[in-house]
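K.L.:
Prediction below, plus the sequence it came from.
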Amino acid sequence: MALEKIAFGGGCHWCTEAVFQSLRGVHSVEQGFVSPDSTDRSFSEAVIVTYDSEMITLKDLSLIHLFTHESTSKHSMRTKYRSAIYTFNKMDEEFLFQIWDELQAEFQSKLITQILPFKEFRASDEQFQNYYRKDPGKPFCKRYIHPKLELLRRLFSSHLDTRTSVTQ
């Protein structure tokens, strides 16, 4: 196993957590708040994804992330929901910058997602961890998470981990 780490932010971390928990090759998803190592070190909702790079690539994870949140929208909640990919090492950062035009080509509008170096993480309260898995029938899950998982089934079915309840 070749375990790597990357963090994603952009929408509600309950939604983002459920998306990445659904993927084959994802070893774990930590839900909480991330601060980048940049001039704006404020925390925003995000997840840290530990994955097996032999089973799923950083490129595929990034593309899934871009499709499963409003990666082209500068809406009023962007402070709380910063659209970002947080890197843990310089190689991943350089790789993402190299493939960014290729990822951009998948979208009609300009991506606003930032590539930022990871600085700090604060986990969500335990009661919010595994939010979707604990009760997928909650109104929030039906309204916001189910459509994202359906999008995964339509666009990224080859990456779904059919052993998890999230993809059921």
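P.N.:
Sure thing, it's come through. Just so it is clear, the model here is predicted, and its values are computed rather than measured.
K.L.:
Show me the helices in the chain, by range?
P.N.:
13-21, 58-67, 90-104, 131-134, 139-140, 146-155 (DSSP state H).
K.L.:
between those, which one is nearest to residue 75?
P.N.:
The stretch from the helices of the chain with the least distance to residue 75 (C-beta to C-beta) is helix 13-21; that distance is 14.7 Å. C-beta here means a position set from N, CA and C on the backbone, and glycine is covered the same way.
K.L.:
residues in contact with that closest one?
P.N.:
8-10, 26, 29, 31-33, 45-47, 49, 61, 64-65, 68-69, 124, 128, 130-133, 140-141, 144-145, 148-149, 152, 164, 166 (C-beta atoms under 8 Å, 6 or more residues apart in numbering).
K.L.:
got any ranges where the protein has weak pLDDT?
P.N.:
164-168 (pLDDT under 70).
K.L.:
Please type out the PyMOL selection for whichever of the contacts of helix 13-21 turn out to be buried.
P.N.:
Below is the selection syntax for PyMOL that covers the buried ones among those, with 16 or more other C-beta atoms under 10 Å defining burial:
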select buried, resi 8+9+10+26+29+31+32+33+45+46+47+49+61+64+65+68+69+124+130+131+132+141+144+145+148+149+152+166
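K.L.:
Looking at the helices of the chain, which one is packed in the most?
P.N.:
Mean neighbour count (mean count of other C-beta atoms under 10 Å) peaks for helix 13-21 among these, with a mean of 26.
K.L.:
and residue 159, what is it in contact with?
P.N.:
With contacts defined as C-beta under 8 Å, 6+ apart, the neighbours of residue 159 are 23, 24, 25, 56, 60, 64, 152.
K.L.:
Surely the second one and residue 55 touch.
P.N.:
This points to residue 24. Yes. Judged on C-beta atoms under 8 Å, residue 24 makes contact with residue 55 at a distance of 5.9 Å.
K.L.:
now the strands: where do they sit in the chain?
P.N.:
Secondary structure of the chain (DSSP state E): strands at 3-9, 26-36, 44-52, 84-87, 114-123.
K.L.:
Please identify the most buried of these.
P.N.:
Of all these, strand 84-87 has the most neighbours on average by mean count of other C-beta under 10 Å, namely a mean of 25.
K.L.:
And it, what does it pack against?
P.N.:
On a contact count with 3 or more C-beta pairs under 8 Å, 6 or more residues apart in numbering; DSSP states H and E, strand 84-87 meets strand 3-9, strand 26-36, strand 44-52, helix 90-104, strand 114-123.
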